[in-house]
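[1] Using only what follows, build the 3D model:
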Amino acid sequence: SISMTPWLTFLHLLAASAGPAAEYLSEDFFPGFHILERVDGDRFNVYARGQAKGVPPTIDLTGLTFAAAQQRLESYLKIKPREMLQLPMALFTSQGEQVLDLAGHSLLFLI
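    This is a model prediction of the structure:
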């Protein structure tokens, strides 16, 4: 009998790479650059350092304020604590507009 696991993994990867983040993903990594792709509600696939590596982990930001969501993302991505006078991380749309609310965005860039 043929194992379906490799095929299911392939199909999941194909589906994940077909989302709105696909055109921005790279095999190289970019420190300080992360891509968030909405799965549903306030759950996002997380492409750390902009890399397309396997099936992306998903982070659930449901019910969090924007500030709490930022803190959860910083913790999840192991972003070092800010130094004095260092700006906090920010989220942007693909058009470069800064985002202050997660609602309505299918793709976000965390820098």
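
[2] could you check the distance from Thr93 over to Ser106?
    Distance of Thr93 to Ser106, computed by CB to CB, to the nearest Å: 10 Å. Yep, even glycine has a C-beta here, placed from its N, CA and C like the rest.

[3] host element of Arg38?
    Using DSSP states H and E, Arg38 sits in strand 34-40.

[4] roughly how far out does that strand sit from the chain middle?
    Distance, stretch centre to chain centre, for strand 34-40: 4 Å (CA atoms, centre = their mean, to the nearest Å).

[5] Same check on stretch 54-67?
    8 Å.

[6] Which residues belonging to that stretch are considered buried?
    56, 59, 61 (16 or more other CB atoms under 10 Å).

[7] want to throw those residues into TSV with pLDDT, distance to Gln71 and secondary structure?
    Shown next, in TSV, are the buried residues of stretch 54-67 (pLDDT from 0 to 100; distance: CB to CB, whole Å; DSSP: H, G, I helix; E, B strand; the rest coil):
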residue	pLDDT	distance to Gln71	secondary structure
Pro56	89	21	coil
Ile59	94	12	strand
Leu61	94	10	coil
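
[8] hey, where'd the helices end up in the protein?
    For the chain, applying DSSP state H gives helices covering 5-17, 66-76.

[9] same for the strand holding Arg38, what does it pack against?
    strand 43-47, strand 107-110 (3 or more CB pairs under 8 Å, 6 or more residues apart in numbering; DSSP states H and E).

[10] ok, of the helices of the chain, where does mean pLDDT dip lowest?
    Between those, the lowest average pLDDT goes to helix 5-17, which shows a mean of 48.

[11] Residues contacting stretch 84-96, please?
    With contact meaning CB atoms under 8 Å, 6 or more residues apart in numbering, stretch 84-96 is reached by 20, 24, 36, 70, 73-74, 79, 82, 98-99, 102, 105, 107-111.

[12] Quick check: end-to-end length of it?
    Taking CA to CA, to the nearest Å, stretch 84-96 runs 26 Å from one end to the other.

[13] Name the residues of it that are buried.
    Those would be Leu91, for stretch 84-96 by 16+ other CB under 10 Å.
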